[in-house]
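**Student:** Everything below, folded, please.
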Amino acid sequence: MTAEESQHQYKLSAGSALIILLVINLCWGASYAVAKYALDVVPPSTLAFMRFFLGGLFLVLLPGRKKSAISAQDWLNLFLIGAFGLAISNLLLNQGLTMTSSTKTSIAASLEPVFTIILAVIFLKEHLSRKTVWATLLSIIGALVLMLGDKSPGQLIAEISSSGEFLGDLMVIVSTFLFAVYSILMKPVAQRTGAVRATAFSFFIGAILLAPIVYCELRKIWPINFTRESLIAIMYLGVICNALAFVLWNIILKFTDAGVMAVTLYAQPLGGVVIGWLWLGESLSYAGFVGAALIFAGIWLLPKESGK
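**Tutor:** You can find the predicted model right below:
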């Protein structure tokens, strides 16, 4: 293969990665509205369990998985991913969605690269440029504006004590931070054990950890009156958003640079806002638009290194 052919192949691969990442983020953007719809029928921990169990089951049935041994360190990482990046993260996400809008949730989820940078500084000892510091601060200020809006301190205290919208927003942002933990821990595991295999194991670990909570939850509300629409929503969340999207994300994560990842994240809130508006009739306040603009500006300012 000539150097020119190799360069052309790389460009094609980079273009394919960009398209796949855009589709993934659009699917995840729509998932917040779909999850909020499903939560009218299925309680939070049960919905998270079903997403991971269905996703893991789908992945196990896929052919061609690597059979190499998994090291003790990778098992520890998979446990941490399943516990924090999936189980706790999705519990907080689903509980938060019962208190706040899917529109605000999809915008808050775009903070993930900011949290990833913070974690990289803490755990990987990476150096922050001045531009990155300003970008991070801008995004955090945007998140605060999105959450606080024009609420007075008294309103915020009342919302926290009554499980109101502010508490829901806070849960969603903590959930987004935990997904950043997922991205940091999953990358080396996916490289060593294969994306499909690593994702399947992490899903089953997350489902197993959620099982005791689900048992207690279902004892209080069983039977659940599933509708056809709620079952379709659960299948979409479990198979499309979890199994297919997570595997593709983990594959792209192995060789895509930060710039591509950051740019495609704009598709997630865009999809979330449009679906939330068209399907659920949601809207953003003036403060919400300002907060969203600050978050997007911060993400845009993040360094976009070129790939290999």
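**Student:** Going by C-alpha atoms from here, please, whenever you check contacts or count neighbours.
**Tutor:** Noted.
**Student:** List the buried residues of the helix or strand hosting residue 166.
**Tutor:** Taking DSSP states H and E as the criterion, residue 166 maps to helix 165-193. Neighbour-count burial for helix 165-193, with 16 or more other CA atoms under 10 Å as criterion, is recorded at 165-187, 189-190, 193.
**Student:** again with stretch 59-78
**Tutor:** 59-60, 74, 77-78.
**Student:** picking that back up, report the angle between the helix or strand following the helix holding residue 166 and helix 165-193.
**Tutor:** As assigned by DSSP H and E, the chain's next helix or strand after helix 165-193 is helix 195-221. Put simply, helix 195-221 runs at 140 degrees to helix 165-193, going by axes from the mean of the first three to the mean of the last three CA atoms, to 10 degrees.
**Student:** Can I get the buried residues of stretch 59-78 in JSON lines including pLDDT?
**Tutor:** Supplementary listing: the buried residues of stretch 59-78 in JSON lines, determined by pLDDT from 0 to 100:
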{"residue": "59", "pLDDT": "84"}
{"residue": "60", "pLDDT": "83"}
{"residue": "74", "pLDDT": "88"}
{"residue": "77", "pLDDT": "90"}
{"residue": "78", "pLDDT": "93"}
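**Student:** ok, how many other residues are close to residue 220?
**Tutor:** Residues contacting residue 220 under the criterion other CA atoms under 10 Å number 8.
**Student:** Distance check, it against residue 22.
**Tutor:** Applying CA to CA, to the nearest Å, the value for residue 220 to residue 22 is 40 Å.
**Student:** if we can go back for a sec, out of the buried residues of stretch 59-78, the closest to residue 230 would be?
**Tutor:** Checking the buried residues of stretch 59-78 against residue 230 by CA to CA gives residue 59 as the nearest, at 22.0 Å.
**Student:** Assign the closest one to helix, strand or coil.
**Tutor:** When classified by DSSP: H, G, I helix; E, B strand; the rest coil, residue 59 comes out as helix.
**Student:** Hmm, it is touching residue 243, no?
**Tutor:** Yes: between residue 59 and residue 243 there is a contact under CA atoms under 8 Å: 6.3 Å.
**Student:** shared neighbours of the two, which are they?
**Tutor:** 199-200 (CA atoms under 8 Å, 6 or more residues apart in numbering).
**Student:** Tell me, what's the model's pLDDT at residue 57?
**Tutor:** Looking at residue 57, its pLDDT is 89.
**Student:** From the chain's centroid, how far away is stretch 30-42?
**Tutor:** 15 Å (CA atoms, centre = their mean, to the nearest Å).
**Student:** what's the span of stretch 183-203 from first residue to last?
**Tutor:** Terminal residues of stretch 183-203 are spaced 14 Å apart (CA to CA).
**Student:** Numbering from 701 from now on, please.
**Tutor:** Taking 701 as the first residue, the last one we looked at is stretch 883-903.
**Student:** Please enumerate residues in contact with it?
**Tutor:** With CA under 8 Å, 6+ apart as the test, stretch 883-903 has contacts from 752-753, 755-757, 759-760, 765-766, 768-770, 774, 777-779, 781-782, 786, 816, 819-820, 943, 946-948, 950-951, 953-954.
**Student:** Let me know the average pLDDT across that stretch.
**Tutor:** 83.
**Student:** so where's the stretch 901-1008 of the chain shaky on pLDDT?
**Tutor:** For the stretch 901-1008 of the chain, the stretches with pLDDT under 70 are 950, 953-966, 983-984, 999, 1002-1008.
**Student:** how about a cut-off of 90?
**Tutor:** By pLDDT under 90, the weakly predicted segments of the stretch 901-1008 of the chain are 916-931, 933-934, 937-1008.
**Student:** circling back to that earlier point, would you turn the buried residues of stretch 759-778 into JSON lines with distance to residue 731?
**Tutor:** What follows is the buried residues of stretch 759-778, written out as JSON lines (distance: CA to CA, whole Å):
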{"residue": "759", "distance to residue 731": "19"}
{"residue": "760", "distance to residue 731": "23"}
{"residue": "774", "distance to residue 731": "29"}
{"residue": "777", "distance to residue 731": "26"}
{"residue": "778", "distance to residue 731": "24"}
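**Student:** Which residues are in contact with the residue lying closest to residue 744 once chain neighbours are set aside?
**Tutor:** Spatial nearest neighbour of residue 744, chain neighbours left out: residue 794 (5.1 Å); criterion: CA to CA, 6 or more residues apart in numbering. Residue 794 is in contact with 735-736, 739, 744-745, 747-748, counting by CA under 8 Å, 6+ apart.
**Student:** Between those residues, which sits nearest residue 977?
**Tutor:** So of these, ranked by how close each gets to residue 977 (CA to CA), first place is residue 736, at 13.0 Å.
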